[in-house]
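[1] Provided below are the primary sequence and the corresponding predicted coordinates.
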Amino acid sequence: DQQVKQNSPSLSVQEGRISILNCDYTNSMFDYFLWYKKYPAEGPTFLISISSIKDKNEDGRFTVFLNKSAKHLSLHIVPSQPGDSAVYFCAAANYGGSQGNLIFGKGTKLSVKP
Amino acid sequence: NAGVMQNPRHLVRRRGQEARLRCSPMKGHSHVYWYRQLPEEGLKFMVYLQKENIIDESGMPKERFSAEFPKEGPSILRIQQVVRGDSAAYFCASSRYTGVGTDTQYFGPGTRLTVL
């Protein structure tokens, strides 16, 4: 049973436009959400996170939105750059339950075309 | 500040051999996590350790897999009698502390295990 779902395996956008990556979750105990970016043959790189007490967090070109009632979060990248091309993983944690492990989605491969 | 280090980066083993994967956390980090990624899949949690303690091993297969994080030295993920299904990328992550809600896990580059 997948608790974190990324239903779009891939996404292609034009350079300079907005990239929107989506993530849904089923476990209402999750209280912390993270996005990681991964290049081939490398480890995931932390991008941005959000606590469940917030609905938005922004860091430069990256903004994460959280809709708790819909159990949905999204990552917006604007403007998109070719160097953003990578696989993006959504992850969730139940830190309040003292569970340190992250639950990952299967990832969305973003391609940003020049 | 060096990041999370893992070695070897690539490991080839024949069926029945043992595989040892090492992870050195970031400086100042005392929490280590191991994840496994199968092809076309997301990362799956295996085990969470602090120095000399296993905190959560709910994701570890019941047999052949073990992990440790000794007082001195790197964390070790050990796979005995490897089978082809063990072929995967194994990632280690570290964090300073957990449960606060603002902590972040930082990942190493991974060890790619191939079982022939």
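    Now that the structure is in, tell me what you want to look at.

[2] Chain B against chain A: which residues are in contact?
    B:4, B:6, B:31, B:33, B:35, B:40-45, B:48, B:55-56, B:58-59, B:91, B:93, B:95, B:98-110, B:112 (Cβ under 8 Å from any Cβ of the partner chain). Backbone N, C-alpha and C define where each C-beta goes, glycine included.

[3] Recalculate using a threshold of 7 Å.
    Contacts of chain B with chain A, taken as Cβ under 7 Å from any Cβ of the partner chain, map to B:31, B:33, B:41-43, B:45, B:48, B:55-56, B:59, B:91, B:98-101, B:104-110.

[4] Pull out the buried positions in the helix or strand residue B:54 falls within.
    Remark: residue B:54 resides in strand B:53-56, with elements defined by DSSP states H and E. For strand B:53-56, burial by neighbour count (16 or more other Cβ atoms under 10 Å in any protein chain shown) applies to B:55, B:56.

[5] Any stretches of chain B with poor pLDDT?
    Low-confidence segments of chain B (pLDDT under 70): B:1, B:98-102.

[6] same thing but 50
    B:99 (pLDDT under 50).

[7] Tell me the buried residues within the residues of chain B next to chain A.
    B:31, B:33, B:42-43, B:45, B:48, B:55-56, B:59, B:91, B:98, B:105-110.

[8] following the one helix or strand in chain A whose mean pLDDT sits lowest, which helix or strand comes up?
    Sorting the helices and strands of chain A by mean pLDDT, DSSP states H and E puts strand A:99-104 at the bottom, at a mean of 84. Downstream of strand A:99-104, the next assigned helix or strand under DSSP H and E is strand A:108-113.

[9] Now find how far off-centre that next one is within its chain.
    Centre-to-centre, strand A:108-113 and its host chain are 13 Å apart (Cα atoms, centre = their mean, to the nearest Å).

[10] Note down every partner strand of that strand and its orientation.
    Taking DSSP bridges as the criterion, strand A:108-113 forms sheet pairs with strand A:10-14 (parallel), strand A:86-94 (antiparallel).

[11] Just the CA coordinates for that strand, please, in CSV.
    Extracted C-alpha coordinates of strand A:108-113, given in CSV (Å, rounded to 0.1, in the frame of the first residue of the first chain):
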residue,chain,number,x,y,z
THR,A,108,8.6,12.3,-11.3
LYS,A,109,11.2,12.8,-14.0
LEU,A,110,11.3,16.5,-15.0
SER,A,111,12.7,17.5,-18.4
VAL,A,112,13.2,21.2,-19.0
LYS,A,113,13.7,21.9,-22.6
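
[12] Which residues does that strand contact?
    Contacts to strand A:108-113, defined as Cβ atoms under 7 Å, 6 or more residues apart in numbering or on different chains, come from residues A:6, A:8-15, A:19, A:21, A:80-82, A:84-88.

[13] try it again with 10 Å
    A:6-17, A:19, A:21-23, A:37-38, A:75, A:77, A:79-90 (Cβ atoms under 10 Å, 6 or more residues apart in numbering or on different chains).

[14] Now do the buried residues in it.
    Quick answer for strand A:108-113 (16+ other Cβ under 10 Å): A:108, A:110, A:112.

[15] wouldn't residue B:24 be in contact with residue B:72 here?
    No - Residue B:24 is beyond contact range of residue B:72, at 11.3 Å (criterion: Cβ atoms under 10 Å).

[16] Residue B:85 belongs to a helix?
    Yes - checked against DSSP: H, G, I helix; E, B strand; the rest coil, residue B:85 lies within a helix.
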